[in-house]
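Peer 1: Below is the sequence, then the predicted model.
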Amino acid sequence: MIQIAPSILSADFVNLARDIDVVTRGGAHAIHVDVMDGHFVPNITIGPSVVKALKSATRLPLDVHLMIESPERFIPDFIKAGADMLSVHIEACPHIHRILHMIRNAGIKTGIALNPGTPLGSIAEVLHLVHFVLIMSVNPGFGGQPFIPDSIDKISRLANVIRARNINASISVDGGVCESNARDLVLAGAQLLVAGSAVFNHSDPADAVRRLISVTRLTDNL
Ligand code: DX5
Ligand code: ZN
């Protein structure tokens, strides 16, 4: 089953609860929360207190994407705030093994994210420790950037590795996901699609989610 996680980065920050409600009605499976520190990426967004507030505003799982340096400093706070899925960037973690265990030990879904320029080989030694790999299909920092087409091949190669090694990890994709590339991403092996601007900049965000769900329903479209 393919899942859609709208990224609130493109939502109306004055009306987050309302916007989450709208995409929930459209059938969203999770809410993607982008955390940026102004160091790892050239933008600053939100912290644990907002995650805590979101937790009380939705029953959907919160998929918290940490684009921050030294994430181990804040992981306990995000877990306490109610993150159901938590991903860290391999580029930000020299001690990735320890950090993934830290998240796993809290009993939540553990993810590792890769920038477009980061090779798949960089996560080979820890792939068996994650529940999901988040393939970035834009350089992180901002919503609304164009999708990098090479990401599709990267997802296929990752799906092959996961199959060949018989690992129980799923593939998420984040950045420039929209109705026109969603099906190819799923065919390549993505199981969770993060979409920010394609959902919240749409005149009807609930319908945008419905359409993403429908174009990724492969059996109906083959
Ligand atoms: C980018 C973020 C994304 C972003 C996606 O740094 O990690 O989650 O919100 O936005 P779109 O879908 O507009 O590329
Ligand atoms: Zn993200």
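Peer 2: It's in. Ligands and ions are numbered 1, 2, ... in the order given.

Peer 1: how about the helices of this structure, start to end?
Peer 2: Taking DSSP state H as the criterion, the chain carries its helices at 16-25, 48-57, 75-81, 96-105, 151-164, 179-188, 197-200, 205-215, 218-221.

Peer 1: Quick one: closest of those to ligand 2.
Peer 2: helix 197-200 (11.8 Å; Cβ to the ion). All C-beta spots, glycine's among them, are computed from the backbone N, C-alpha and C.

Peer 1: hmm, the closest one in reach of ligand 2?
Peer 2: No. Using Cβ under 5 Å from the ion, helix 197-200 never reaches ligand 2; the gap is at least 11.8 Å.

Peer 1: Tell me the residues of this protein that contact ligand 1?
Peer 2: Applying Cβ under 6 Å from any ligand atom, we find that the chain lies next to ligand 1 at 7, 9-10, 32, 34, 65, 138, 140-145, 174-177, 194-198.

Peer 1: Run a quick neighbour tally on the closest residue to residue 19 other than its chain neighbours.
Peer 2: Closest residue in space to residue 19, ignoring its immediate chain neighbours: residue 11 at 4.0 Å, by Cβ to Cβ, 6 or more residues apart in numbering. For residue 11, the count of nearby residues is 23 (other Cβ atoms under 10 Å).

Peer 1: Pull the contacting residues for residue 11.
Peer 2: 19-20, 200 (Cβ atoms under 8 Å, 6 or more residues apart in numbering).

Peer 1: pLDDT at the residue of the chain found nearest ligand 2, what is it?
Peer 2: Residue nearest to ligand 2 within the chain: residue 65 (3.8 Å; Cβ to the ion). Residue 65 is assigned 99 on the pLDDT scale.

Peer 1: Hmm, it is touching residue 83, no?
Peer 2: No. Contact criterion Cβ atoms under 8 Å: residue 65 and residue 83 do not qualify, at 9.8 Å.
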